[in-house]
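S.K.: Let me see the structure of the following:
(2 chains)
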Protein chains: 2
Amino acid sequence: MHSISDLQVILKKVFDSASFSQEPAELYDPIFYTLNLGGKRIRPLLVLIGCDLFHGDIEKAGPAILAIELFHNFTLLHDDIMDRAPLRRGKETVYKKWNTNVAILSGDTMFALACEYLSQADPDVLPLALSEFTRTARMVCEGQQYDMNFETRKVVSIGEYLEMIRLKTAVLIGCSLKLGAILAKAPPAETAKIYSFGENIGMAFQIQDDLLDVFGDEQKFGKEIGGDILSGKKTFLLLKAYEIAPEKEKSELDQCFSDPSIHSEEKIERVTKVYQSLKIREITLEEIGKYFSKALQSCDGIDADVNSKKALGLFANDLLKRDF
Amino acid sequence: MHSISDLQVILKKVFDSASFSQEPAELYDPIFYTLNLGGKRIRPLLVLIGCDLFHGDIEKAGPAILAIELFHNFTLLHDDIMDRAPLRRGKETVYKKWNTNVAILSGDTMFALACEYLSQADPDVLPLALSEFTRTARMVCEGQQYDMNFETRKVVSIGEYLEMIRLKTAVLIGCSLKLGAILAKAPPAETAKIYSFGENIGMAFQIQDDLLDVFGDEQKFGKEIGGDILSGKKTFLLLKAYEIAPEKEKSELDQCFSDPSIHSEEKIERVTKVYQSLKIREITLEEIGKYFSKALQSCDGIDADVNSKKALGLFANDLLKRDF
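M.R.: Sure, this is the predicted structure:
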């Protein structure tokens, strides 16, 4: 198995040689801009890892790599319109820098480009690769819709929340690894296991993201602490707190989220205090651990070289410390 | 070859048996709504015609049929957001009936669904079908971007305009027929000819649409006459008029399009009068005829039964009298 840094070199080569700048500029400039915002390209790396684990020809994974990254960036571009997000990675989002129409249409073009790249995959793996990719694409859309629905819904259960993050984030992590395995012609039982590994890592990551928003190190996290509390976002922490809180803590949360006279700093402090009294940090860490264990279990079951699987587990562990 | 009405029956069966209504409702309700707005389903019919002409199994064309119609409706849905169009086929557009976010995301989902359906095509034709479909999808996006660019550009040449309508409309007509031919495993030389037939019919149709806006029968056209003149749209007629007009007519057009005190009725009347003096109607009819002849020439060259080709020509002729 190749080292992660070897795979990173291949990844760079693929992206450097891909040319997205064509006419009309209003369509392709935002695509180039988005792909060069400094994303970590974790998903295309996962395609290579999945392919390499099953001894596939990683040199031939180029189109699938580009497809996954283009698709992921397309979803970010459209999500930013829907969420009215002014910044991504500290730079203006496309709809802000250009306008909403440009963001809609260049996003659409990225999705078309993604499928166009995928069509260059080996013909004998294309049917499976395409059906996996498009089913995942649809699930990601469903996840985003649930996420938007939850913003205005009063009650969201933990189960509904977990399903939302599974659709919005985890399935694409699973799909990236599985796509690589499909390219390597791994048998279905094996592609299912690596998918499960990726999906569970994705769940762990997303819940950890909720945790870091409250209990993270601001420097490492790269965002301001308490942002989710201030925006009233229904995170795992908040939903779990409401699920287990006695009446007193419940009304304290209710007050924090309904009284506009409470200042930001005080709001973060009071909600965090409720979390601490309910041991939400510990419960959340336990939940993350549960998904991480499930992931490692799936990884263990894969019919591949022990050292490669160990490396995969270590990589997943590293991922959990990084920005996806 | 099956009759058009036979093919319509198959088409209806495919659409009736397809189920798009799933959870979350906010995502799938607009898809169901859009597909049932009363569109003529011309493009999926063209898939069947293309498949049937080359003796393909039309019963197996279901996924490609759904893919083409879903893709086409996805572009309408997003175009309506970009154009701020309140109505489509006399009913509220999705972004008006729901909201912009719902329209963006359900459109994205339709595109994903389209590719998901296509992935069910026969594995041996899938690589070609997918690459044709996705390349076309990207071209349609390019056409829409040029169309938006032209709104604010002062000078647009006839050549640029023709390229825009080719991308925005004609290539999808060509692609629909070609996709059917690909499903029937027609040789590349034949699929190229049926594509050319469709592309030229698409060009003729789009230019005719410009013509009908000014010289059409309001009842048959289904839209109010002069809409393009009132909105100042750069149509074939207007661009051609500017291209050939002597100074006097040019300044008359300039005045009509820059003086806001001119009332709608007068504006339509004066611009139409310039068109008449420049014989724009005749020039436009000649242009339409040119594309129609090119289409028939491509049709003639196809290696297929003479009667089938004759039927195809007649169908194209009928199409030019209808709403695409």
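S.K.: use CA for all of it now, contacts and neighbours both
M.R.: OK.
S.K.: Burial check on the residue nearest to A:Leu130 when sequence neighbours are not counted, number of neighbours?
M.R.: Of all residues not flanking A:Leu130 in the chain, B:Ser119 sits nearest, at 5.9 Å (C-alpha to C-alpha, 6 or more residues apart in numbering or on different chains). Residues lying near B:Ser119 (other C-alpha atoms under 10 Å in any protein chain shown) number 27.
S.K.: Sticking with A:Ile81, tell me its helix or strand.
M.R.: Assigned by DSSP states H and E, A:Ile81 falls within helix A:62-83.
S.K.: Oh, that last question was meant for A:Leu27, not what I typed.
M.R.: helix A:25-35.
S.K.: Quick one: list the elements packing against that helix.
M.R.: helix A:62-83, helix A:100-118, helix B:126-152 (3 or more C-alpha pairs under 8 Å, 6 or more residues apart in numbering or on different chains; DSSP states H and E).
S.K.: Tell me which of the ones you listed sits most buried.
M.R.: With neighbours defined as mean count of other C-alpha atoms under 10 Å in any protein chain shown, the helices and strands packed on helix A:25-35 peak in mean count at helix A:100-118, which reaches a mean of 25.
S.K.: Tell me which stretches of the stretch 201-324 of chain A form helices.
M.R.: Per DSSP state H, counting those that start in this stretch, the stretch 201-324 of chain A carries helices over the ranges A:218-221, A:227-231, A:236-244, A:247-258, A:264-277, A:280-301, A:306-319.
S.K.: could the ones you listed be laid out in a markdown table, adding distance to B:Asp79?
M.R.: Formatted as a markdown table, these follow (distance: least, C-alpha to C-alpha, whole Å):
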| stretch | distance to B:Asp79 |
| --- | --- |
| helix A:218-221 | 39 |
| helix A:227-231 | 32 |
| helix A:236-244 | 37 |
| helix A:247-258 | 39 |
| helix A:264-277 | 41 |
| helix A:280-301 | 42 |
| helix A:306-319 | 39 |
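S.K.: of all these, which lies closest to B:His55?
M.R.: When these are compared by C-alpha to C-alpha, helix A:280-301 sits nearest B:His55, at 47.8 Å.
S.K.: Give me the contacts around the closest one.
M.R.: By C-alpha atoms under 8 Å, 6 or more residues apart in numbering or on different chains, the residues outside helix A:280-301 that reach it are A:193-194, A:196-201, A:203-205, A:207-208, A:211, A:215, A:236-237, A:240-241, A:275, A:309, A:312-313.
S.K.: Taking helix A:306-319 as reference, get the angle to that helix.
M.R.: On the basis of axes from the mean of the first three to the mean of the last three C-alpha atoms, to 10 degrees, helix A:280-301 is oriented at 160 degrees to helix A:306-319.
S.K.: Get me the contact residues on chain A for chain B.
M.R.: A:23-24, A:26-27, A:78, A:81-82, A:101-102, A:104-106, A:108-109, A:112-113, A:115-116, A:119-120, A:123-124, A:126-128, A:130-131, A:134-135, A:137-138, A:141-142, A:145-146 (C-alpha under 8 Å from any C-alpha of the partner chain).
S.K.: now with 7 Å?
M.R.: A:24, A:27, A:82, A:101, A:105, A:109, A:112-113, A:115-116, A:119, A:123, A:127, A:130-131, A:134-135, A:137-138, A:141-142, A:145-146 (C-alpha under 7 Å from any C-alpha of the partner chain).
S.K.: Quick check: phi and psi on A:Ile262?
M.R.: phi -80, psi 130 (degrees, to the nearest 10).
S.K.: For it, give its distance to A:Glu116.
M.R.: Separation of A:Ile262 from A:Glu116 (C-alpha to C-alpha, to the nearest Å): 51 Å.
S.K.: May I have the secondary structure class of the residue positioned nearest the centre of chain A?
M.R.: Nearest to the geometric centre of chain A sits A:Thr169, at 3.9 Å (C-alpha atoms, centre = their mean). Counting by DSSP: H, G, I helix; E, B strand; the rest coil, the backbone at A:Thr169 sits in helix.
S.K.: buried ones in stretch A:9-18?
M.R.: Across stretch A:9-18, burial judged by 16 or more other C-alpha atoms under 10 Å in any protein chain shown covers A:10-11, A:14-15.
S.K.: Need these in a markdown table (columns: secondary structure).
M.R.: Output for the buried residues of stretch A:9-18, formatted as a markdown table (three-state DSSP):
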| residue | secondary structure |
| --- | --- |
| A:Ile10 | helix |
| A:Leu11 | helix |
| A:Val14 | helix |
| A:Phe15 | helix |
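S.K.: ok, these vs A:Pro63, which is closest?
M.R.: Of all those, A:Pro63 sits closest to A:Val14, with 8.6 Å by C-alpha to C-alpha.
S.K.: coming back round to it: can you tell which of the helices of the stretch 201-324 of chain A is closest to B:Lys97?
M.R.: helix A:227-231 (27.5 Å).
S.K.: Just give me how far that closest one sits from the chain centre.
M.R.: Relative to the chain's own centre, helix A:227-231 is displaced by 20 Å; criterion: C-alpha atoms, centre = their mean, to the nearest Å.
S.K.: cool, stretch A:312-319 as well?
M.R.: Counting by C-alpha atoms, centre = their mean, stretch A:312-319 is centred 15 Å from the centre of its parent chain.
S.K.: Leaving out the residues flanking it, which one is nearest to the residue nearest to the centre of chain A?
M.R.: A:Gly202 (6.3 Å).
S.K.: for the one you found, what are its contacts?
M.R.: A:Gly202 sits next to A:169-170, A:173 when contact means C-alpha atoms under 7 Å, 6 or more residues apart in numbering or on different chains.
S.K.: now A:Asn317
M.R.: So A:Asn317 contacts nothing (C-alpha under 7 Å, 6+ apart).
S.K.: And it, how far from chain B?
M.R.: To chain B, A:Asn317 is 32 Å away according to C-alpha to the nearest C-alpha, to the nearest Å.
S.K.: And for A:Leu172?
M.R.: Taking C-alpha to the nearest C-alpha as the measure, A:Leu172 falls 14 Å from chain B.
S.K.: where's that residue relative to B:Leu319, distance?
M.R.: 43 Å.
S.K.: And for A:Thr191?
M.R.: To B:Leu319, A:Thr191 is 48 Å away according to C-alpha to C-alpha.
S.K.: higher neighbour count, the two?
M.R.: A:Thr191 (24 against 15).
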